[in-house]
Each structure stands twice: as C-alpha cells, then as structure tokens.
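S.K.: When you get a sec, could you give me coordinates for this:
(one chain, ligands or ions: 2)
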Amino acid sequence: MTTDSSTYNFRPFHASVNVATLLKEPVGATRDYDIRELAEEGDASPVTGRVGLTHSARGVLVRTDLVHRIDTVCSRCVKPIDCDVTVKIDEEFLPSIDINSGLPVKAPRDGSSFLIDANHILDLGEAVRQYTMLALPMKPLCRPDCAGYCPNCGADLNQGKCECSEKTIDPRWAKLMALKRKPSLAAPRKRSTTTGGRKKTNGTATKA
Ligand SMILES: [Zn+2]
Ligand SMILES: [Zn+2]
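M.R.: Ligands and ions are numbered 1, 2, ... in the order given. I've put the predicted structure just below:
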C-alpha cells in the first residue's frame, strides 16, 4: 500500500462501547448501534453509519458499514475538499479479562488482534483509523474532471484556458512540425527530377 496519507487531515476519532452485558449473553447474541451513539463527538461525529456486534466464541465480532468524512485537498487543484471514505470493519475483538472468572486472558502472541480492555470497553477508534487508511483514495479530486493548474504559468485551468496552451508548442510536436516544413522545400527539386525522367521516357518512346 503506497497511499500518501500526508495530504489527509485526520481528526482523532473515539468511539467505544461497554460489552460486559453482551459477553454474558449466549454466543451469537447481537447488538446494533448508530456510531453516533458511541462516538465522543456525538452528532458531530466525522464517522457515520452502523456498527454490528456479535458475541463470538472468542470475543466480539465487529462489523461496520461506516462512512468517514475526512478533510483533504484536491490532488490537481489543491482546493480543500471533504473526502468520504467507506469503512467496512470485519474484526474479532478479544477480551483481555474473562467476563465470568475475572482472570486475565492470554493475548495472541502476534499482537495483531484488537483487544477489549480490562473494563470490558471495546474501543473502535483505532480500528476505524486503520480501515480508513486502507481505503483512502490515491488521488482525491474536487470533481472527476478537475483541470488543475497549468504546470507552465500556474493559471487555474478550471477558470478557462491559459495563454501557454495556444503559444507553446509541445516538444513532441516540434519534430512533426519540422517534417511538415521539409517537403515544401524539397518539392521543387523533386518535381524537376520527375520532369526530367518523363522527358527521358518520352525520348526513348520517340526513338522506338
Ligand atoms: Zn480540483
Ligand atoms: Zn499556462
């Protein structure tokens, strides 16, 4: 993944839920939330959508259908824009304390899993951040046909053509232009050779 996240402005996002009751229910029990109910920012949350929790054999399975609104700039014209990133989390969060015995649960050795803390709080912030990073568009645009700036004079091409687009000849066309000029210079000579040849033929024809 080579997404350049430096152009993105991440505001820290915190959303958490106490899953103690869910963990005491049978495996397969579910909860469904609007993320704004769980987000610190409430209704002002930059993340919107639904969160589904399921009591799994090992912990809590988290599935989300979220949209994360992020501040960024258009990759062509550098205008500030909002970028909506779809965040579909599918992760099993593991408990760090057993809900029934109160004893610590051994965390997996690779440390790759998301953990529910000792107070049975499941924090979604880090998972949202990681999934958002993976889903960021490589080149966000203010609109699909944004023309950006002229690399030559810096004019905003969304406001119309700049003067360079008419004056400057693309170097790739320069050779073609030169070729176009050559035949017109060579033409008189060519024509004279052809005339000479024809004369010869005529001469031979007359002789025969
Ligand atoms: Zn743009
Ligand atoms: Zn220009």
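S.K.: Need the three-state assignment for the residue nearest in space to the middle of the chain.
M.R.: Nearest to the geometric centre of the chain sits residue 137, at 0.5 Å (CA atoms, centre = their mean). Taken by DSSP: H, G, I helix; E, B strand; the rest coil, the conformation at residue 137 corresponds to coil.
S.K.: Assess the claim that it and residue 81 are in contact.
M.R.: No. Residue 137 is not in contact with residue 81 according to CB atoms under 8 Å; the separation is 11.0 Å. All C-beta atoms are positioned from the backbone trio N, CA, C, and that covers glycine.
S.K.: Around ligand 2, pick out the residues from the protein.
M.R.: By CB under 5 Å from the ion, the residues of the chain that approach ligand 2 are 150, 152-153, 155, 162, 164.
S.K.: got those residues as CSV, with pLDDT and neighbour count columns?
M.R.: Shown next, in CSV, are the residues of the chain next to ligand 2 (pLDDT from 0 to 100; neighbours: other CB atoms under 10 Å):
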residue, pLDDT, neighbour count
150, 92, 16
152, 90, 12
153, 91, 13
155, 90, 16
162, 90, 17
164, 87, 13
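S.K.: can you put the residues you listed in JSON lines and add secondary structure?
M.R.: Below are these laid out as JSON lines (three-state DSSP):
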{"residue": "150", "secondary structure": "coil"}
{"residue": "152", "secondary structure": "coil"}
{"residue": "153", "secondary structure": "coil"}
{"residue": "155", "secondary structure": "coil"}
{"residue": "162", "secondary structure": "coil"}
{"residue": "164", "secondary structure": "helix"}
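S.K.: Now render the residues you listed as TSV, adding distance to residue 70.
M.R.: Output for the residues of the chain next to ligand 2, formatted as TSV (distance: CB to CB, whole Å):
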residue	distance to residue 70
150	28
152	32
153	31
155	29
162	31
164	34
